[in-house]
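Undergrad: whatever this is, show me its structure:
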Amino acid sequence: MCVHELAHTIMNVGLSGQERSQIQSRFSVPEIQTLWSGDFALTNDNEFFAEMSQAYFCANPEISSFNHTQGVNCASELQAHDPVTYDLIHSIYGGSADLR
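TA: Purely as a prediction, here's the structure:
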């Protein structure tokens, strides 16, 4: 939960307008609906960034759950599941860490 809430602050306070626009653009592409079907990440662009941040930093549950239906956890799994979003998140953070 801490990574998720920190990601909201990073997006809304720490990122440039261009970076926020990139997140909004990625969230709005139709393939996101398929890639993240049923996941809390589909709520809006803010939740999308927070959920992708959780995945990037290994802060998701190890198994699928009602909020994380795809079971993606850690940067390598995010890269395999959704490489375009991984590239965007990686460009913002510049490197991952295992926060389990």
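Undergrad: low-confidence regions, this protein specifically.
TA: Within the chain, the segments meeting pLDDT under 70 span 63-65.
Undergrad: which residue ranges of the protein form helices?
TA: Under the criterion DSSP state H, helices of the chain are mapped to 2-9, 17-28, 30-35, 45-56, 75-81, 83-93.
Undergrad: so which of those helices gets nearest Glu62?
TA: helix 75-81 (10.5 Å; CB to CB). Placement of C-beta: from N, CA and C, glycine included.
Undergrad: the residue nearest in space to the middle of the chain - nearest residue in space that isn't next to it in sequence?
TA: With distances taken as CA atoms, centre = their mean, Met52 lies nearest the centre of the chain, 1.0 Å away. For Met52, ignoring the flanking residues on the chain, the nearest one in space by CB to CB, 6 or more residues apart in numbering is Ile89 at 5.1 Å.
Undergrad: looking at the helices of the chain, which is buried most?
TA: Stretch with highest mean neighbour count among these: helix 45-56 (a mean of 24; mean count of other CB atoms under 10 Å).
Undergrad: show me what that one is packed against.
TA: For helix 45-56, the elements it packs on are helix 2-9, helix 17-28, helix 75-81, helix 83-93, judged by 3 or more CB pairs under 8 Å, 6 or more residues apart in numbering; DSSP states H and E.
Undergrad: tabulate these in CSV, adding columns for distance to Ala41.
TA: Shown next, in CSV, are those (distance: least, CB to CB, whole Å):
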stretch, distance to Ala41
helix 2-9, 11
helix 17-28, 8
helix 75-81, 11
helix 83-93, 9
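Undergrad: could I get the helices of the chain in TSV, plus columns for distance to Leu99?
TA: Converted to TSV, these look like this (distance: least, CB to CB, whole Å):
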stretch	distance to Leu99
helix 2-9	6
helix 17-28	21
helix 30-35	23
helix 45-56	9
helix 75-81	11
helix 83-93	12
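Undergrad: out of those, which gets nearest to Asn67?
TA: Comparing the helices of the chain by their distance to Asn67 (CB to CB), the top pick is helix 45-56, with 8.1 Å.
Undergrad: report the angle between the closest one and helix 17-28.
TA: Orientation check (axes from the mean of the first three to the mean of the last three CA atoms, to 10 degrees): helix 45-56 against helix 17-28 gives 90 degrees.
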